[in-house]
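Asker: quick one: sequence and predicted model below, then my questions.
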Amino acid sequence: MNQVKQSVNLNESGAKTVWASYHCIGERATQILNSIEQPYPNISDLDTKDLQECLSLFIFTDNANNYVSEIDDCIMQYKDVFIKNIFVFDLHPNDRSQEFKARWGFYNIFISSYFTLENNIQYYLLFVNHFIETVGLICMGYKEWKYFTGQATFITAGTTSTYKHAIGSIPVNNNIKRMMLGLVLQDLTMESVKENLNELRSFFDQLPDDVDGIWQMSPHVGNPHIEYIVGLGSVPTLSNLNL
């Protein structure tokens, strides 16, 4: 595994009232975002003040192939508000990912081979809320997450309740390219931190050498677990994805 990066706080959100908002294009995206508990509001619910202070816009779409013009229109509408901070998330795989990355700047495809699509999206948004928006003890910030999002194409997110068995819970194989980990410890005593970090080191030792990883330790304690976002390489066949 490449050297695990630890950064100073580069969070650009400042004291913004609303850190992010979302917009759905397509019936399935709308149904899923309405059905899950998640930390960010629909952009249509923001007043003028909150809209001006909001940092990022997440666009979720059923299938980007079918909604190119609608996505273009949404980006054009808000490009002066969210300058280079609009992120497109596709709920359906396609073979135009590089074209869409070039067109929109940030484009990711959720895959549901490991969790349901609903859980995948929920875990992703909670990870952003817990470990990108919230300043941690060892901190990765908005710039790191933005870089990760720009570099990855196929993504999956989730949570595991055990440090010792993280290697079996997180989708680690020869297809993994990038990974962001958010750590919640039982407590911040030296003994507890040392135990958890030793288990984490064992996990890192089992990763492929070319994985680009970054992690953050949450200031909150209790209910120890790991939250993660994983960026995968190309998926061999679309039929292998459980969509």
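Answerer: Arrived safely.
Asker: verify the stated contact: residue 115 with residue 158.
Answerer: Yes: Residue 115 lies in contact with residue 158 (C-beta atoms under 8 Å); the separation is 5.3 Å. Every residue, glycine included, has its C-beta placed from N, CA and C.
Asker: list residues touching both of these two?
Answerer: Counting by C-beta atoms under 8 Å, 6 or more residues apart in numbering, the common neighbours of residue 115 and residue 158 are residue 123.
Asker: which residue packs closest to residue 160, ignoring adjacent ones?
Answerer: residue 169 (3.6 Å; C-beta to C-beta, 6 or more residues apart in numbering).
Asker: I figured the one you found hits residue 162, correct?
Answerer: Yes: under the criterion of C-beta under 8 Å, residue 169 makes contact with residue 162 at 7.1 Å.
Asker: which element is residue 82 on?
Answerer: According to DSSP states H and E, residue 82 maps onto no helix or strand at all.
Asker: which residues does the closest residue to it other than its chain neighbours form beta bridges with?
Answerer: Nearest non-adjacent residue to residue 82, counting by C-beta to C-beta, 6+ apart: residue 57, 4.6 Å away. Here residue 57 sits in beta bridges with residue 21, residue 86, going by DSSP bridges.
Asker: in the protein, where is pLDDT below threshold?
Answerer: Where the chain drops to pLDDT under 70, the residues are 1-17, 137-138, 164-167, 172-174, 234-243.
Asker: helix, strand or coil for the residue nearest the centre of it?
Answerer: Residue closest to the mean C-alpha point of the chain, counted by C-alpha atoms, centre = their mean, is residue 124 at 4.4 Å. Of the three states, residue 124 takes helix under DSSP: H, G, I helix; E, B strand; the rest coil.
Asker: since that was my last question, I'll sign off now.
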